[in-house]
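*Asks:* how would this look folded up:
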Amino acid sequence: TAAGLTDQIEYGVQNLENVVLPAKTYDAIFMISSAHHIFNLENLFCQCRDALKPGGLMILDEYIGPTRFQSSPLVTEIINKMLAILPSRYRKNLFTNDGRTIDSYAPFSLEEFERNDPSEAIRSGEIVNALKLYFDIVDLRPYGGAILHMLFSGIMGNFDESNDTDVTLLRTISAFEEILEKVGAINSDFAAIVAKPRQTVLS
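*Replies:* Below you'll find the model as predicted:
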């Protein structure tokens, strides 16, 4: 209201699993950390394609890593070796905040996802391929996370951005992940994507 945009912005709530969007209505559609919660990706991307005006774009900033966070054995091994190296002050469990440390990592079981968070990363590993059925990718910028995402889950707040040692340690781990991704040993878990509607749907 303070910005004077009440006549230009409309808010709504919809179930993206079965959403129906008005045809040729939008100049751009943004999806920020939301597509990885959708099972029916094909319907969602089909609706988005049809809802864009000619020349419209789809912009995503998404987790596109392994479905259900099922890290590869290599990534899991690297995370556990790094946890074994990190001093305990960096491994304080900030989720529980009870003095315990996070000493090891293993992907949650699929059953745990079904019980506790059934939409989380439900088909994340298929997002890019599903998008390509209805869109041509103009640009895809991966920005890592295969190691950092789970390594720092629950402990990131133990690092002090004003401490040179902490910052150097974080940069070193980030550089290591970047190199592994560059040589093809691991994939990026996150990406920013710009796509334009396909004229012909791939089968």
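*Asks:* got a list of contacts for the lengthiest helix in the chain?
*Replies:* Ranked by residue count, the top helix of the chain under DSSP state H comes out as helix 164-182. Contact partners of helix 164-182, identified using CB atoms under 8 Å, 6 or more residues apart in numbering, comprise 78, 82, 90, 142, 144-148, 151, 159-161, 186-188. Where you see a C-beta, it was placed from the backbone N, CA and C, and this is true even at glycine.
*Asks:* now it, how far from the centre of its chain.
*Replies:* 19 Å (CA atoms, centre = their mean, to the nearest Å).
*Asks:* go through the lowest-mean-pLDDT helix or strand in the chain and flag the buried ones.
*Replies:* Sorting the helices and strands of the chain by mean pLDDT, DSSP states H and E puts helix 110-116 at the bottom, at a mean of 95. With burial defined by 16 or more other CB atoms under 10 Å, the residues of helix 110-116 counted as buried are Phe113.
*Asks:* please apply the same query to stretch 7-17.
*Replies:* Buried residues in stretch 7-17 (16+ other CB under 10 Å): Leu16.
*Asks:* what does it contact?
*Replies:* Applying CB under 8 Å, 6+ apart, the contact partners of stretch 7-17 are 34, 37-40, 43-44.
*Asks:* just the CA trace of it, in CSV.
*Replies:* Provided in CSV are the C-alpha atoms of stretch 7-17 (Å, rounded to 0.1, in the frame of the first residue of the first chain):
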residue,chain,number,x,y,z
ASP,A,7,-3.8,-1.6,-8.3
GLN,A,8,-0.9,-3.3,-10.0
ILE,A,9,-0.2,-6.3,-7.7
GLU,A,10,-2.6,-9.2,-7.1
TYR,A,11,-1.9,-11.9,-4.5
GLY,A,12,-3.3,-15.3,-4.6
VAL,A,13,-2.9,-18.9,-3.3
GLN,A,14,-3.0,-21.9,-5.6
ASN,A,15,-2.0,-25.5,-5.5
LEU,A,16,0.9,-25.7,-8.0
GLU,A,17,0.3,-29.5,-8.5
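*Asks:* now do it, average pLDDT.
*Replies:* Stretch 7-17 shows a mean pLDDT of 88.
*Asks:* quick one: distance of that stretch to the chain centre.
*Replies:* For stretch 7-17, the distance to the chain centre is 22 Å (CA atoms, centre = their mean).
*Asks:* name the nearest residue to the residue nearest to the spatial centre of the chain, sequence neighbours excluded.
*Replies:* For the chain, the residue sitting closest to the mean C-alpha position, by CA atoms, centre = their mean, is Tyr63 at 1.4 Å. The spatially closest residue to Tyr63, leaving aside those adjacent along the chain, is His36, at 4.6 Å (CB to CB, 6 or more residues apart in numbering).
*Asks:* what sits against the one you found?
*Replies:* For His36, the contact set (CB under 8 Å, 6+ apart) comprises 62-64, 120-124, 127.
*Asks:* give me that answer again for 6 Å
*Replies:* With contact set as CB atoms under 6 Å, 6 or more residues apart in numbering, His36 has these partners: 62-63, 121, 124.
*Asks:* are any of the contacts of stretch 7-17 buried, and if so which?
*Replies:* Neighbour-count burial (16+ other CB under 10 Å) is assigned, among these, to 37-38, 40, 43-44.
*Asks:* okay then, goodbye and thanks.
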